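Enquirer: model the structure of this input:
(chains A and B)
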Amino acid sequence: MRIATWNVNSVKARLPLLLQWLETAAPDVLLLQELKCVEDEFPLMEVTGAGYKAVVVGQKSYNGVAILSRTPITVTQRRLPGAPEDEQARYVEADVAGIRIASIYLPNGNPVETEKYPYKLAWMSRLVDHAKSLLAEDIPFVLAGDYNICPTDIDVYDPVGWAGDALCKPESRAQYRRLINLGLTDSIRALNPAPHLYSYWDYQAGRWQRDEGLRIDHLLLSPKAADRLENAGIDRVPRGWERASDHTPAWCSLRDH
DNA sequence: ATGGTAGCCTTGCTA
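Expert: Numbering: from 1, shown residues only, chains lettered A, B, ... in the order given. Okay, here's the model as predicted:
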């Protein structure tokens, strides 16, 4: 089973490219982030026409996550547990083909001197707690999406310039390592140890043309999912298309039982 | 040279 994740930066603006990628790459599951629309505005007919079911957690203008799958989807969470007052549409989780799969849009956290940064760190702490509870269920799971974290300096084109950014600061990386230290596997890094492997390139300053990117989209696997890991990578092609998202799809494939 | 892009339904915010 192949599971992909893609921050599309507006699903309505990106619909032609989304349909093109679904047709050519044909993943079994595609996790989306930054829909930037409410559930009623999600292009369900077009996605259904492409052969996918969809579960959508939307929000006006900002955030928004979805799970697309060729096989039936059973929702298990529509918010990250731990803060009932948190209305932001950044987490949806479901059972798909015997695997618990979450689509995550982790807070960016910039500017770091504002309340956005502690919100990011608190959100990550909630994610660690929830990952612990999933581990206790002893099921295979995949937590994937836009983590807005560069795990190490080799995941950044200019580590010195980015050192003070919320995507790279030590507290952000420490929270990410707490997830890894629970026993989760960064599937892309596990199979692609070389540097200069990016999933995001800023629209500005010719970052894509110069291949000055960041690796911030991750698929983290529970031990039982990691036992089935076959391959993983990043498909750079859609970043080069006309009217591209600033992110490109990342994916992993798991062996069937 | 201290820049630049994209999407939102805004006239600034978020990334």
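Enquirer: distance of A:E39 relative to DNA strand B?
Expert: With distances taken as C-beta to the nearest atom of the strand, to the nearest Å, A:E39 is found 13 Å from DNA strand B. Every C-beta, even on glycine, is put in place using the N, C-alpha and C of the backbone.
Enquirer: check what pLDDT that residue gets.
Expert: pLDDT, A:E39: 97.
Enquirer: surely it touches A:K60?
Expert: No - applying C-beta atoms under 8 Å, one finds A:E39 not in contact with A:K60, separated by 10.4 Å.
Enquirer: the more surrounded of those two?
Expert: A:E39 (16 against 11; other C-beta atoms under 10 Å).
Enquirer: hey, where'd the strands end up in the stretch 101-250 of chain A?
Expert: Secondary structure of the stretch 101-250 of chain A (DSSP state E, counting those that start in this stretch): strands located at A:141-146, A:185-186, A:217-221, A:229-234, A:250-254.
Enquirer: among the ones you listed, which is nearest DNA strand B?
Expert: strand A:141-146 (7.8 Å; C-beta to the nearest atom of the strand).
Enquirer: what residues does chain A put near DNA strand B?
Expert: Within chain A, the residues that sit near DNA strand B (C-beta under 7 Å from any atom of the strand) are A:9-10, A:12-14, A:36-37, A:60-62, A:107-108, A:110, A:116, A:148, A:202-205, A:243.
Enquirer: which among these end up buried?
Expert: Among the residues of chain A next to DNA strand B, those classed as buried by 16 or more other C-beta atoms under 10 Å are A:N9, A:R14, A:K36, A:C37, A:P107, A:N108, A:N110, A:N148.
Enquirer: so can I have CSV of the residues you listed showing distance to A:R189?
Expert: CSV is the format used below for these (distance: C-beta to C-beta, whole Å):
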residue, distance to A:R189
A:N9, 24
A:R14, 26
A:K36, 29
A:C37, 32
A:P107, 22
A:N108, 21
A:N110, 23
A:N148, 16
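Enquirer: I'd like to know which of the residues you listed is nearest to A:H247.
Expert: Closest approach between those and A:H247, by C-beta to C-beta: A:N9, at 6.9 Å.
Enquirer: for the closest one, give its distance to A:R2.
Expert: 22 Å (C-beta to C-beta, to the nearest Å).
Enquirer: just to revisit the earlier point, rebuild the strands of the stretch 101-250 of chain A as a markdown table, extending it with mean neighbour count and mean pLDDT.
Expert: Formatted as a markdown table, the strands of the stretch 101-250 of chain A follow (neighbours: other C-beta atoms under 10 Å; pLDDT from 0 to 100):
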| stretch | mean neighbour count | mean pLDDT |
| --- | --- | --- |
| strand A:141-146 | 26 | 98 |
| strand A:185-186 | 22 | 98 |
| strand A:217-221 | 27 | 98 |
| strand A:229-234 | 17 | 98 |
| strand A:250-254 | 25 | 98 |
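Enquirer: closest one to A:Y52 among those?
Expert: Comparing the strands of the stretch 101-250 of chain A by C-beta to C-beta, strand A:250-254 comes nearest, at 15.1 Å.
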